[in-house]
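> Dropping a prediction and its sequence here:
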Amino acid sequence: MLKIPRMRIPVFVSAPSPENLNAAQEHSTSIIHKLVTRYKLEWRALGRSDYPNDLPLKEVLRMVKHCSGGIILGFEQFRSTKGESKPGSSKARTVNSPVSFPTPWNQLEAGIVFSTGLPMLIFREAGVSGGIFDVGTSEVFIHQMPGPSITPQALDDLDSVFQNWVARVRGHYYGP
(Lines give C-alpha, C1' and ligand atoms only; values in the text may rest on other atoms or scores of the structure.)
Protein backbone atom coordinates (compact mmCIF):
# COMPACT_ATOMS: atom_id res chain seq x y z
CA MET A 1 0.00 0.00 0.00
CA LEU A 2 1.39 3.39 -0.99
CA LYS A 3 1.65 5.82 1.91
CA ILE A 4 1.16 9.46 1.05
CA PRO A 5 3.02 11.76 3.43
CA ARG A 6 0.79 14.20 5.27
CA MET A 7 1.62 17.71 4.27
CA ARG A 8 1.91 20.36 6.91
CA ILE A 9 0.55 23.83 6.23
CA PRO A 10 3.43 26.34 6.14
CA VAL A 11 3.29 29.36 8.44
CA PHE A 12 5.86 32.12 8.54
CA VAL A 13 7.38 32.89 11.96
CA SER A 14 9.18 36.15 12.67
CA ALA A 15 11.57 35.64 15.57
CA PRO A 16 15.21 36.29 16.38
CA SER A 17 17.69 33.51 15.65
CA PRO A 18 18.23 31.07 18.54
CA GLU A 19 21.70 32.48 19.29
CA ASN A 20 20.06 35.88 19.93
CA LEU A 21 17.63 34.57 22.56
CA ASN A 22 18.13 34.07 26.28
CA ALA A 23 16.97 30.89 28.04
CA ALA A 24 13.51 32.26 28.96
CA GLN A 25 12.96 33.52 25.41
CA GLU A 26 14.00 30.18 23.96
CA HIS A 27 11.54 28.47 26.32
CA SER A 28 8.76 30.77 25.08
CA THR A 29 9.71 29.94 21.51
CA SER A 30 9.54 26.25 22.39
CA ILE A 31 5.97 26.63 23.72
CA ILE A 32 4.86 28.31 20.49
CA HIS A 33 6.75 25.74 18.38
CA LYS A 34 5.01 22.85 20.17
CA LEU A 35 1.61 24.39 19.39
CA VAL A 36 2.58 24.90 15.74
CA THR A 37 3.61 21.24 15.57
CA ARG A 38 0.49 20.02 17.43
CA TYR A 39 -1.75 21.58 14.81
CA LYS A 40 0.21 20.05 11.91
CA LEU A 41 1.69 23.34 10.74
CA GLU A 42 5.18 23.83 9.36
CA TRP A 43 7.34 26.48 11.08
CA ARG A 44 9.05 28.53 8.36
CA ALA A 45 11.57 31.17 9.41
CA LEU A 46 14.54 32.82 7.82
CA GLY A 47 17.66 31.50 9.54
CA ARG A 48 15.83 28.57 11.14
CA SER A 49 14.10 26.50 8.45
CA ASP A 50 15.15 28.51 5.40
CA TYR A 51 18.44 30.13 4.49
CA PRO A 52 18.64 32.94 1.95
CA ASN A 53 19.97 32.55 -1.55
CA ASP A 54 19.10 36.15 -2.30
CA LEU A 55 18.76 39.33 -0.29
CA PRO A 56 17.12 38.48 3.07
CA LEU A 57 14.12 40.77 2.57
CA LYS A 58 13.43 39.21 -0.86
CA GLU A 59 13.62 35.77 0.73
CA VAL A 60 11.12 36.77 3.43
CA LEU A 61 8.71 37.97 0.74
CA ARG A 62 9.17 34.73 -1.21
CA MET A 63 8.60 32.63 1.92
CA VAL A 64 5.49 34.53 3.01
CA LYS A 65 3.95 34.08 -0.45
CA HIS A 66 4.12 30.31 0.13
CA CYS A 67 2.64 30.41 3.64
CA SER A 68 -0.94 30.47 4.91
CA GLY A 69 -0.38 32.29 8.20
CA GLY A 70 2.11 34.29 10.20
CA ILE A 71 3.33 34.47 13.79
CA ILE A 72 5.30 37.43 15.10
CA LEU A 73 7.36 36.82 18.26
CA GLY A 74 8.41 40.15 19.74
CA PHE A 75 11.29 39.48 22.10
CA GLU A 76 13.40 42.17 23.70
CA GLN A 77 16.57 42.46 21.61
CA PHE A 78 17.76 45.87 22.78
CA ARG A 79 17.21 47.77 26.02
CA SER A 80 17.86 51.42 26.66
CA THR A 81 17.84 52.66 30.24
CA LYS A 82 17.96 56.34 29.40
CA GLY A 83 17.36 58.46 26.35
CA GLU A 84 15.24 61.02 24.59
CA SER A 85 12.11 60.20 22.65
CA LYS A 86 11.28 62.26 19.56
CA PRO A 87 14.21 64.68 20.06
CA GLY A 88 13.70 68.19 18.78
CA SER A 89 9.95 67.77 18.26
CA SER A 90 7.09 69.25 20.24
CA LYS A 91 6.55 65.75 21.70
CA ALA A 92 10.15 65.31 22.88
CA ARG A 93 10.55 63.72 26.28
CA THR A 94 13.33 62.34 28.41
CA VAL A 95 13.13 58.64 29.22
CA ASN A 96 14.69 57.54 32.51
CA SER A 97 13.32 54.02 32.78
CA PRO A 98 14.12 50.94 30.70
CA VAL A 99 12.62 50.75 27.22
CA SER A 100 12.66 47.43 25.34
CA PHE A 101 12.91 47.07 21.57
CA PRO A 102 12.31 43.97 19.45
CA THR A 103 14.37 43.12 16.40
CA PRO A 104 13.59 45.54 13.54
CA TRP A 105 12.95 42.45 11.43
CA ASN A 106 9.73 41.88 13.39
CA GLN A 107 8.38 45.16 12.00
CA LEU A 108 9.43 44.43 8.42
CA GLU A 109 8.18 40.85 8.46
CA ALA A 110 4.89 41.76 10.16
CA GLY A 111 4.29 44.37 7.47
CA ILE A 112 4.86 41.79 4.75
CA VAL A 113 2.56 39.25 6.41
CA PHE A 114 -0.10 41.91 7.04
CA SER A 115 0.04 43.16 3.44
CA THR A 116 -0.71 39.66 2.13
CA GLY A 117 -3.83 39.38 4.30
CA LEU A 118 -2.66 36.18 6.00
CA PRO A 119 -4.08 35.27 9.41
CA MET A 120 -1.57 36.58 11.93
CA LEU A 121 -0.79 35.92 15.60
CA ILE A 122 1.29 38.49 17.45
CA PHE A 123 3.08 37.89 20.76
CA ARG A 124 5.19 40.39 22.65
CA GLU A 125 7.44 40.02 25.63
CA ALA A 126 6.63 42.29 28.58
CA GLY A 127 7.90 45.82 27.94
CA VAL A 128 8.14 45.46 24.13
CA SER A 129 6.15 48.07 22.26
CA GLY A 130 6.18 50.16 19.13
CA GLY A 131 4.95 49.55 15.61
CA ILE A 132 3.14 46.25 15.20
CA PHE A 133 3.30 45.68 18.97
CA ASP A 134 1.15 48.75 19.72
CA VAL A 135 -2.51 48.01 20.40
CA GLY A 136 -4.67 49.30 17.57
CA THR A 137 -1.95 49.21 14.90
CA SER A 138 -3.74 46.35 13.14
CA GLU A 139 -6.92 44.38 13.70
CA VAL A 140 -4.78 41.67 15.32
CA PHE A 141 -4.93 41.22 19.10
CA ILE A 142 -1.51 41.51 20.76
CA HIS A 143 -0.86 38.54 23.10
CA GLN A 144 1.60 38.42 25.96
CA MET A 145 4.46 36.03 25.33
CA PRO A 146 4.04 32.75 27.23
CA GLY A 147 6.76 32.55 29.86
CA PRO A 148 8.59 29.71 31.59
CA SER A 149 6.15 29.84 34.51
CA ILE A 150 2.97 29.62 32.39
CA THR A 151 0.12 28.05 34.35
CA PRO A 152 -1.87 25.11 33.00
CA GLN A 153 -4.92 27.39 32.68
CA ALA A 154 -2.95 30.00 30.73
CA LEU A 155 -1.58 27.26 28.48
CA ASP A 156 -5.13 26.03 27.88
CA ASP A 157 -6.20 29.59 27.03
CA LEU A 158 -3.26 29.88 24.64
CA ASP A 159 -4.31 26.62 23.01
CA SER A 160 -7.78 28.12 22.41
CA VAL A 161 -6.19 31.18 20.77
CA PHE A 162 -4.19 28.82 18.53
CA GLN A 163 -7.28 26.78 17.61
CA ASN A 164 -9.05 29.92 16.40
CA TRP A 165 -6.02 31.09 14.40
CA VAL A 166 -5.38 27.61 12.95
CA ALA A 167 -8.97 27.51 11.64
CA ARG A 168 -8.29 30.73 9.71
CA VAL A 169 -4.92 29.39 8.49
CA ARG A 170 -6.61 26.23 7.19
CA GLY A 171 -9.33 28.34 5.57
CA HIS A 172 -6.64 30.28 3.72
CA TYR A 173 -4.75 27.15 2.71
CA TYR A 174 -7.73 25.13 1.49
CA GLY A 175 -9.66 28.10 0.13
CA PRO A 176 -13.38 28.83 0.31
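Structure's in. What do you need? Numbering: from 1, shown residues only.
> got the contact list for Thr81?
Shown in contact with Thr81 (Cβ atoms under 8 Å, 6 or more residues apart in numbering): Asn96, Ser97, Pro98, Val99. For glycine as for every other residue, the C-beta is placed from the backbone atoms N, C-alpha and C.
> sorry, that was for His172
By Cβ under 8 Å, 6+ apart, the neighbours of His172 are Ser68, Gly69, Leu118, Pro119.
> Most neighbours out of these, which is it?
Gly69 (26 neighbours; other Cβ atoms under 10 Å).
> nearest to Ile150, of the contacts of His172?
Ile150 lies nearest to Gly69 out of the contacts of His172, by Cβ to Cβ, at 22.0 Å.
> The closest residue to that closest one other than its chain neighbours in helix, strand or coil?
Ranked by Cβ to Cβ, 6 or more residues apart in numbering and with sequence neighbours excluded, the top spatial neighbour of Gly69 is Val169, at 3.7 Å. Counting by DSSP: H, G, I helix; E, B strand; the rest coil, the backbone at Val169 sits in helix.
> just checking, Val169 touches Arg8?
No: counting by Cβ atoms under 8 Å, Val169 sits too far from Arg8 to count as a contact (11.0 Å).
> what about Thr29, distance to Arg38?
15 Å (Cβ to Cβ, to the nearest Å).
> swap in Gly175?
Applying Cβ to Cβ to Gly175 and Arg38 gives a distance of 23 Å.
> quick one: which of those two has more around it?
Per other Cβ under 10 Å, whichever of Gly175 and Arg38 has more neighbours is Arg38, with 12 against 5.
> Alright, I will stop here.
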